[in-house]
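Undergrad: Fold the stuff below for me.
(chains A and B)
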Amino acid sequence: MYKPLLCWRYLRTRYIALASIISVMLGVATMIVVNAVMAGFSHEMEDRMHGILSDVVLEGHGMENIEDPQFVMDNIRLVAGKQIAGMTPTVHVPGILSYGPPGQEHEQQIMFIGIDEATYASVSDFSKYLQHPDNRNQLSFQLRESGYDVRDHQMGDKAPLRIGMEQAGWKWRRIMAQRQKAWTKVQPQEPGVGNQGAGGNDQGSGVRGQGSGESQADDLSSDHPAKTQADSAAPAANAAAKDPFGPQPVEQLDPAKKQWPGVVLGIALASVRDHDGNDRFLLLPGDDVNITVPTAGTQIKRQDWKFTVVDFYESKMSEYDSTFVFVPIKELQAMRGIGSNVTAIQIKLQPGVDPDTVRDELRSKFPPELYGVYTWRDKQGALLAAVQMERAVLNILLFMIIAVAGFGILAIFFMIVVEKTRDVGILKSLGASSRGIMGIFLGYGLSLGIVGAGVGLAIGLLFVQNINQIRDALEWVTGQPVFDPTIYYFYEIPTIIDPFTVTWIVVGALSIAVMASVLPALRAARLHPVEALRYE
Amino acid sequence: MSEQPQLIVPRRANSPANSPLAPAEGKLRVPDAPPTPHSPIPIPHSPIPTPNSQLPTPRSPSETYSAVHLSAVGLHKHYRKGSLDIPVLTGVDLEVRQGEFLAIVGQSGCGKSTLLHLLGTLDAPTAGEVHFSGRRIDNLPATLRERLRNEQFGMIFQFYHLLPELTMLENVLTPLMIGRSTWSYWRGRSQSVQRAKELLNTLGLGHRLKHRPRELSGGEMQRVAIARALIARPQVLLADEPTGNLDQNTGLEILRILRTLNAEHGLSIVMVTHDAAIAAKADRIVRLAGGQVVVPDVE
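TA: As a prediction, this is how the structure comes out:
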């Protein structure tokens, strides 16, 4: 009985113990915050990775070696039909995306993915990331009239306005066609230059002289003083023109009324994010782009095609957003000249089914010489493992902080034991056992741990809950962006509090506090009562 | 632990006593001893003496005591400092009889306190034996010695040795908290608190229950220490210079309390002092010098 009483009194009267309480508290709070943020980040990341990838992928070796996708899909259904929620074939082809006026082409190496617009949404969260609400319901490669999101719909109202998106769609296409028409009227045609590309030029800019391209943006800005900010930020968007030198499919269409086959671009291909976190668009839905892919066959040739941007997708994985371009699978197959061959079958599993078991089942049935089967985790294994590793190392380091706090407790406890030497003698003279004395100091350590960990827990949870306000305050005080949305692609710091982790942190802190008090407690217990009584 | 079960009585329930100071009966089986002198008269409510008040007179040495209560047989105590061997006690023989008030006097450093610590099993002798109620106690296992200290011996020190973090009441209750498990302490808590309050009341400290030691005077602290020594109803009181830190009047007051306890409750008291005037109030004086009892039974 005297043990808890003395623990409690020592806790209330020894202010030096506050130091160790604070160190435990800081350690616990830091670990909780860091774990919550890291869990939030990796969860967000996995979510985004998984969002665009299907659960299981069956792919042929090489570019498009699955010759009869329907046959393969039937067989997959035969093997693991009950666990499968949906399947769709895809074609993956590396290529080059280019847009912009001649001489100023913006070119990017990208990965074309041919998808079946009817079924692709059933195997991944792809459609969730599109910018037009109707496309999120059912993807269509037809350009929508208007109604594209002017804010990032995944962020809600907090996201900044996306300037330009309010015009996107047919509206924008007609504006561009009109401007183009006006431009061609003003600009006298120079015979002999650019004729080669004139045939396929939807907006007429290809007929311009070689040197005029550079001044076009300035000209346009002065011609149209009422232009939006997005226009001046992205002059390239004003005229999507094709490479005048490449071989062109000779086609003509009225850009104000018709569109090329649709394409969905990763949002990072069409925009840049400035330092305030605003997106500046180089392209809008309604603009045309050029796509170059190699043809299949023994003599590989380049093939240029025109597409009309019908939507953007924003998975917030910058790697995906800046490499993937989705086009109708039929178009891509035609461009490549591969008939109905596909690269891979994307498989979506029923909820709760373990992708690994399905993968193993499929692997045992499909000859590995012809097909590779992977889960989405396999595909992103290295990155996921790196994140996992990072988290583990950080946890070890942070636990060291609490261990340091443990040494603080150790030192402070030795002081307290020395200070309390006479009390130990008195208690022993009154019949207290050595174990009882040890119990006092172990209990004292435990209660320091409980108070420290408890307060640390509360502070940590509060911090996590208000982390975005704290970030704002820090940014306001320091004037420096603490959390740069251009890097992370989200506006708010994601956090997840895992009760299991929190429990472990608290238990770990408590056991460190107790372990640190073992030595001083032993010392107190071993004090000789007579010497302790004599101690002044 | 189990070889001497008769020495330590089972833990007492709070038996209703006539007086808060009444010693518990049947604690020990003392083979030849007659029943302990037992007084139903409680201590006067206010024991603070006026300067002229009479101290109870010491009993004459010729008065016989029934049984040896606590004794030392050929006690040696040496301290080792490296290779140096410092003898403090070199063969002390001492007997304290049931209900006797014995004073041990001697110069500083003659080993008085060491002897008292040995008698109270706080320290182990280098050679020799300590007996309590006919049983050897210096070689008992630690747990039994702890229970002995907790239940049979009450100790008072020159520097009071109260726990500074606890209130007066809690200080007095400490031996009970130590001696009982948390559960049994809580069950009997109200009775224990009642008894502690009565004890402090009889010692004139009823109004200072919630005060901390540093808020009290020396005499008050020593009275609290006495209350603490008595709370577990011990049989022997070991007092180490109980008046050494007090002025004369306060010292006499403390001594008066000790005499009253001795006279009315038959408490055996061993008091160590270097003050001959204080020692004179005891029944018998033993002088220690050179690590031995030089004049057993002065007069």
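Undergrad: so A:L398 is in which element?
TA: Assigned by DSSP states H and E, A:L398 belongs to helix A:381-419.
Undergrad: What is that helix packed up against?
TA: For helix A:381-419, the packing partners by 3 or more C-beta pairs under 8 Å, 6 or more residues apart in numbering or on different chains; DSSP states H and E come out as helix A:17-52, helix A:434-465, helix A:499-526. Heads up, the C-betas are built off the backbone N, CA and C, glycines and all.
Undergrad: Quick one: name whatever helix or strand follows that helix.
TA: helix A:421-429.
Undergrad: which residues of the chain score low on pLDDT?
TA: Since you didn't name a chain, this refers to chain A. Residue ranges of chain A with pLDDT under 70: A:1, A:102, A:156-158, A:188-252, A:276-277, A:484-491, A:536.
Undergrad: The intended chain is chain B.
TA: Applying pLDDT under 70 to chain B picks out residues B:1-66, B:295-299.
Undergrad: Strands of that one, start to end?
TA: Secondary structure of chain B (DSSP state E): strands at B:68-81, B:84-97, B:101-105, B:127-132, B:135-136, B:153-156, B:236-240, B:268-273, B:284-289, B:292-296.
Undergrad: Can you lay out these as a markdown table showing mean neighbour count and distance to A:A85?
TA: Output for those, formatted as a markdown table (neighbours: other C-beta atoms under 10 Å in any protein chain shown; distance: least, C-beta to C-beta, whole Å):
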| stretch | mean neighbour count | distance to A:A85 |
| --- | --- | --- |
| strand B:68-81 | 18 | 84 |
| strand B:84-97 | 17 | 89 |
| strand B:101-105 | 25 | 94 |
| strand B:127-132 | 18 | 85 |
| strand B:135-136 | 14 | 84 |
| strand B:153-156 | 26 | 81 |
| strand B:236-240 | 25 | 85 |
| strand B:268-273 | 25 | 90 |
| strand B:284-289 | 21 | 96 |
| strand B:292-296 | 15 | 99 |
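Undergrad: In TSV: those, plus distance to A:P368.
TA: Below are those laid out as TSV (distance: least, C-beta to C-beta, whole Å):
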stretch	distance to A:P368
strand B:68-81	81
strand B:84-97	85
strand B:101-105	97
strand B:127-132	87
strand B:135-136	86
strand B:153-156	85
strand B:236-240	89
strand B:268-273	94
strand B:284-289	97
strand B:292-296	98
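Undergrad: and chain A, which of its residues are near chain B?
TA: Counting by C-beta under 8 Å from any C-beta of the partner chain, chain A comes close to chain B at A:1-2, A:4-6, A:9-10, A:13, A:422-423, A:425-434, A:436, A:528-530, A:533.
Undergrad: Need the buried ones from those selected in PyMOL.
TA: To isolate the buried members of the residues of chain A next to chain B in PyMOL, using 16 or more other C-beta atoms under 10 Å in any protein chain shown:
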select buried, chain A and resi 1+2+5+6+9+10+422+423+425+426+427+428+429+430+431+432+433+434+436+529+530+533
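Undergrad: Can you tell me how far A:K330 is from chain B?
TA: Applying C-beta to the nearest C-beta, to the nearest Å, the value for A:K330 to chain B is 81 Å.
Undergrad: Report the spatially nearest residue to that residue, omitting neighbours in sequence.
TA: A:G114 (7.7 Å; C-beta to C-beta, 6 or more residues apart in numbering or on different chains).
Undergrad: do the same with A:I426
TA: Using C-beta to C-beta, 6+ apart, the closest residue to A:I426 is B:H161 (4.6 Å).
Undergrad: from memory the one you found sits against A:K428, does it?
TA: No. Using C-beta atoms under 8 Å, B:H161 is not in contact with A:K428; the gap is 11.0 Å.
Undergrad: Tell me which residues touch the residue nearest the centre of chain B, please.
TA: The residue lying closest to the centre of chain B (C-alpha atoms, centre = their mean) is B:L237, at 1.4 Å. Contact analysis of B:L237 by C-beta atoms under 8 Å, 6 or more residues apart in numbering or on different chains lists B:153-156, B:229-230, B:258, B:261, B:267-270.
Undergrad: same thing but at 10 Å, please
TA: B:101, B:153-156, B:226, B:229-230, B:258, B:261-262, B:265, B:267-271 (C-beta atoms under 10 Å, 6 or more residues apart in numbering or on different chains).
Undergrad: A helix includes A:R162, no?
TA: No. Assigned with DSSP: H, G, I helix; E, B strand; the rest coil, A:R162 falls outside any helix and is coil.
Undergrad: how many neighbours does it have?
TA: 23 (other C-beta atoms under 10 Å in any protein chain shown).
Undergrad: what does B:L199 give?
TA: Around B:L199 there are 22 residues (other C-beta under 10 Å).
Undergrad: Please apply the same query to the one 5 residues further on.
TA: The number of residues packed around B:G204, counting by other C-beta under 10 Å, is 18.
Undergrad: on that earlier part again, which residues sit in contact with the residue nearest to A:I426?
TA: A:422-423, A:425-427, A:429-430, A:533, B:155, B:171, B:213, B:221, B:225, B:228, B:240.
Undergrad: Could you report the distance from it to B:M221?
TA: Using C-beta to C-beta, to the nearest Å, we find B:H161 at a distance of 9 Å from B:M221.
Undergrad: what touches both of these two?
TA: With C-beta under 10 Å, 6+ apart as the test, B:H161 and B:M221 both reach B:171, B:213.
Undergrad: sorry, back to before: identify the contacts common to B:H161 and A:K428.
TA: In contact with both B:H161 and A:K428: A:L533, using C-beta under 10 Å, 6+ apart.
Undergrad: Ok, which of the helices and strands packed on helix A:381-419 comes nearest B:Q194?
TA: Closest to B:Q194 of these, according to C-beta to C-beta: helix A:434-465, at 25.0 Å.
Undergrad: how close does A:G286 sit to A:V393?
TA: For A:G286 relative to A:V393 (C-beta to C-beta), the value is 48 Å.
Undergrad: ok, those two, which is more surrounded?
TA: A direct count of neighbours by other C-beta under 10 Å for A:G286 and A:V393 places A:G286 higher, at 28 against 10.
Undergrad: for that one, what are its contacts?
TA: A:143-146, A:148, A:167-177, A:237, A:240, A:255, A:259, A:308-310.
Undergrad: what's B:L169 in contact with, if anything?
TA: B:192-193, B:196-197, B:200, B:205, B:208-211, B:224, B:227.
Undergrad: Next: B:G179.
TA: A:1-2, A:430-432, B:11-12, B:146-147, B:149-151, B:185, B:231-232.
Undergrad: Please flag which of the residues you listed sit within helices.
TA: A:2, B:146-147, B:149-151, B:185 (DSSP state H).
Undergrad: A:M87 should be in a helix, yeah?
TA: No. In this structure, A:M87 is strand, not part of a helix, as judged by three-state DSSP.
Undergrad: burial count for it?
TA: Neighbours of A:M87 (other C-beta under 10 Å): 21.
Undergrad: Quick check: bridge partners of it?
TA: Beta bridges link A:M87 to A:I347 when assigned by DSSP bridges.
Undergrad: ok, now how distant is it from chain B?
TA: 67 Å.
Undergrad: Please verify my assumption that that residue contacts A:V79.
TA: No. Assessed by C-beta atoms under 10 Å, A:M87 is found out of contact with A:V79, at 11.9 Å.
Undergrad: and the closest residue to chain A within chain B, how many neighbours?
TA: For chain B and chain A, the shortest gap (C-beta to the nearest C-beta) falls at B:N150, measuring 2.6 Å. By other C-beta under 10 Å, the residues close to B:N150 number 23.
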